[in-house]
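Undergrad: what's the 3D shape of this:
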Amino acid sequence: MYKITAILFIVLFIGHSCSSQVKENKTEVITPAAYRFSEYLPLLKGKKVGLLVNHSSLVNEIHLLDTLLRQEVDIVKIFAPEHGFRGKHDAGEKVDSKVDIKTGIPIVSLYGKNKKPNAEMLKGIDVVIFDIQDVGIRFYTYISSMHYMMEACAESSKKLIILDRPNPNGDYFDGPILKDDCKSFVGMHPIPIVHGLTVAELALMINQEGWLKDSLSCDLELVKMKNWNHSMPYDLPVKPSPNLPNATSIRLYPSLCFFEATNISVGRGTYFPFQVIGYPAKEAGEFTFKPVSIDGMSKHPKQENKLCYGIDLRQEPLAHQFTLEYFISFYNKFCNDEGYGLNERWFQLLSGNKKLLADIKRGLSEEEIKLSWQDELLEYGILREKYLLYPKK
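TA: Numbering: from 1, shown residues only. Purely as a prediction, here's the structure:
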């Protein structure tokens with residue numbers, strides 16, 4: 001069962017500017033669910049609470065953990081996703097379980113040996129809160145961690161509260177639908193690469209479509225935002241992961257992430273990751289950059305300390321939508337180059353199927369490839385409509 005809280009209430013913090021997570025949109029204020037204390041604090045009274053959160057879980061500039069402790073909520077455990085509780089780990093880097101130095105609360109890693117909490121980890125917890133800023137892309141692993149927490153809560157009869165936040169890529173959906181033979185932690189659901197849902201909408205879809213193991217149903221409480229809908233842009237006040245530093249990188253992310261399955265650089269090891277494309281070959285383009293080790297962003301980037309030639313996308317309009325143009329162009333130039341290093345299985349897991357790479361190898365154009373998934377996208381669009389909490393106005 002699930003409940004969608006919809007009582008109109010807004011919490012304004014006097015003295016804080018719009019550099020916080022609350023963003024003005026014309027005359028209204030976009031209010032993430034974490035700010036709406038009257039909607040979820042009553043659910044926490046007398047409960048032992050677990051948090052699945054990271055560095056983006058802020059109320060203004062204060063972490064949700066500290067905010068709730070000030071409200072005398074009994075937080076007994078923190079669960080940390082990819083990049084860790086403080087968001088400092090590289091992509092794919094193991095996150096260790098430890099104790100939060102500031103509060104003494106144990107932190108359980110969900111990105112390492114265990115990606116799904118077991119019954120022992122949830123022991124002594126009455127309710128779990130999920131509050132993480134997502135970017136609306138299927139292979140962004142925060143939603144995989146949410147899925148596993150939903151499943152674990154269902155198995156252990158725990159309530160899960162989803163505090164919703166805007167999706168900065170929520171104005172559209174595109175890309176191939178995930179196939180069963182390409183399921184992994186970077187793709188767990190039959191949705192397109194750009195899925196066009198908030199985390200609460202996706203959780204609702206997962207629950208009602210029976211996508212949890214054994215068609216389990218999680219006891220969900222969805223706390224909605226105020227004053228945001230899917231037609232609205234949203235500039236995140238904090239980078240959601242180490243290598244998505246701004247709105248441009250977030251919009252380009254679905255188009256550039258396929259390069260992660262090659263030795264082509266997308267700017268990790270620079271201060272403009274996912275905004276450039278480069279390779280140590282002059283025919284890649286006139287723009288140059290050199291990836292270096294940057295602590296807190298990328299310790300061992302591809303093409304480290306090598307001069308890369310390529311293209312600069314930092315002026316790309318924020319209206320950018322998912323495209324295969326860049327990947328096809330670099331594939332055609334360098335697929336036979338010894339250093340290109342395409343990991344075909346990794347590409348298939350990111351794309352969610354085996355057909356896309358086969359079509360690129362066959363020399364199909366982007367238009368031909370995109371046409372092949374339009375029927376599935378139409379079906380998905382109908383499904384998506386059922387779960388929208390913030391339809392376009």
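Undergrad: alpha carbons only for contacts and neighbour counts from here, please
TA: OK.
Undergrad: so which residues of the stretch 151-300 of the chain form strands?
TA: Under the criterion DSSP state E, counting those that start in this stretch, strands of the stretch 151-300 of the chain are mapped to 159-163, 219-223, 276-279, 287-289.
Undergrad: what angle do the first one and strand 219-223 make?
TA: This points to strand 159-163. With axes from the mean of the first three to the mean of the last three CA atoms, to 10 degrees as the basis, strand 159-163 and strand 219-223 are set at 20 degrees to each other.
Undergrad: strand partners (parallel or antiparallel) of strand 159-163?
TA: strand 127-131 (parallel), strand 219-223 (parallel) (DSSP bridges).
Undergrad: swap in the shortest one?
TA: Pairing partners of strand 287-289, with direction, according to DSSP bridges: strand 308-312 (antiparallel).
Undergrad: tell me the contacts of Glu338?
TA: By CA atoms under 8 Å, 6 or more residues apart in numbering, the contact set of Glu338 is empty.
Undergrad: so Pro391 touches His230, yeah?
TA: Yes - the pair Pro391 / His230 is scored as a contact, 5.9 Å apart, by CA atoms under 8 Å.
Undergrad: these two - which one has more neighbours?
TA: Of the pair Pro391 and His230, His230 is the one with more neighbours under other CA atoms under 10 Å, namely 22 against 12.
Undergrad: distance of the more buried one relative to Asp100?
TA: 36 Å (CA to CA, to the nearest Å).
Undergrad: equivalent analysis for Gln321, please.
TA: Counting by CA to CA - Gln321 and Asp100 are separated by 39 Å.
Undergrad: ok, Arg36 - how many residues close by?
TA: Arg36 has 22 nearby residues by other CA under 10 Å.
Undergrad: give me the pLDDT for it.
TA: Looking at Arg36, its pLDDT stands at 97.
Undergrad: dihedrals phi and psi, it?
TA: Main-chain torsions, Arg36, degrees, to the nearest 10: phi -90, psi 70.
Undergrad: in CSV, list the strands of the stretch 151-300 of the chain along with distance to Val186.
TA: Formatted as CSV, those follow (distance: least, CA to CA, whole Å):
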stretch, distance to Val186
strand 159-163, 21
strand 219-223, 23
strand 276-279, 22
strand 287-289, 29
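Undergrad: tabulate those strands (TSV), appending distance to Glu120, mean pLDDT and mean neighbour count.
TA: As requested, those are exported to TSV (distance: least, CA to CA, whole Å; pLDDT from 0 to 100; neighbours: other CA atoms under 10 Å):
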stretch	distance to Glu120	mean pLDDT	mean neighbour count
strand 159-163	16	98	25
strand 219-223	19	98	22
strand 276-279	44	98	26
strand 287-289	48	98	18
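Undergrad: so which of the ones you listed is nearest Leu313?
TA: Leu313 lies closest to strand 276-279 among the strands of the stretch 151-300 of the chain, at 5.4 Å (CA to CA).
Undergrad: other SSEs contacting the closest one?
TA: Where contact means 3 or more CA pairs under 8 Å, 6 or more residues apart in numbering; DSSP states H and E, strand 276-279 is packed against strand 308-312.
Undergrad: and Gly170, how far from Val59?
TA: Where Val59 is concerned, Gly170 sits at a distance of 21 Å (CA to CA).
Undergrad: no no, Arg138
TA: Distance from Arg138 to Val59, by CA to CA: 26 Å.
Undergrad: those two: which is more packed in?
TA: Neighbours were counted for Arg138 and for Val59 using other CA under 10 Å; Arg138 has more, 28 against 22.
Undergrad: which residues does the residue nearest to Ala281 when sequence neighbours are not counted bridge with?
TA: Nearest residue to Ala281, sequence neighbours excluded (CA to CA, 6 or more residues apart in numbering): Tyr309, at 6.0 Å. Taking DSSP bridges, one obtains Tyr279, Thr288 as the residues bridged to Tyr309.
Undergrad: can you list the domain ranges for this structure.
TA: Following automatic domain parsing, the chain resolves into domains at 2-237, 247-361.
Undergrad: doesn't Leu342 make contact with Phe334?
TA: No - judged on CA under 8 Å, Phe334 makes no contact with Leu342 at a distance of 10.0 Å.
Undergrad: neighbour count winner among Gln321 and Asp100?
TA: A direct count of neighbours by other CA under 10 Å for Gln321 and Asp100 places Gln321 higher, at 17 against 14.
Undergrad: pretty sure that one is touching Ser249, no?
TA: No - using CA under 8 Å as the test, Gln321 is too far from Ser249 to be in contact (11.8 Å).
Undergrad: okay, Asp126 and Ser217: tell me how far apart.
TA: 17 Å.
Undergrad: could you do Trp373 as well?
TA: 30 Å.
Undergrad: neighbour-wise, which of the two wins?
TA: Ser217 (22 against 16).
Undergrad: now do the residue nearest to the more buried one when sequence neighbours are not counted against Gly381, distance only.
TA: Distances taken as CA to CA, 6+ apart place Asn207 nearest to Ser217, at 5.6 Å, with adjacent residues excluded. In this view, Asn207 and Gly381 are 18 Å apart by CA to CA.
Undergrad: got it, and Val135?
TA: Counting by CA to CA - Val135 and Gly381 are separated by 19 Å.
Undergrad: and for Ser56?
TA: With CA to CA as the criterion, Ser56 and Gly381 are 29 Å apart.
Undergrad: comparing these two, which residue is more hemmed in?
TA: Ranked by neighbour count (other CA under 10 Å), Ser56 and Gly381 place Ser56 first, with 24 against 18.
Undergrad: where along the stretch 1-150 of the chain do the helices fall?
TA: 37-44, 64-70, 119-122, 142-156 (DSSP state H, counting those that start in this stretch).
Undergrad: quick one, which of the ones you listed is packed in tightest?
TA: helix 142-156 (a mean of 23; mean count of other CA atoms under 10 Å).
Undergrad: relative to strand 219-223, how tilted is that one?
TA: Going by the same axes, to 10 degrees, helix 142-156 makes 140 degrees with strand 219-223.
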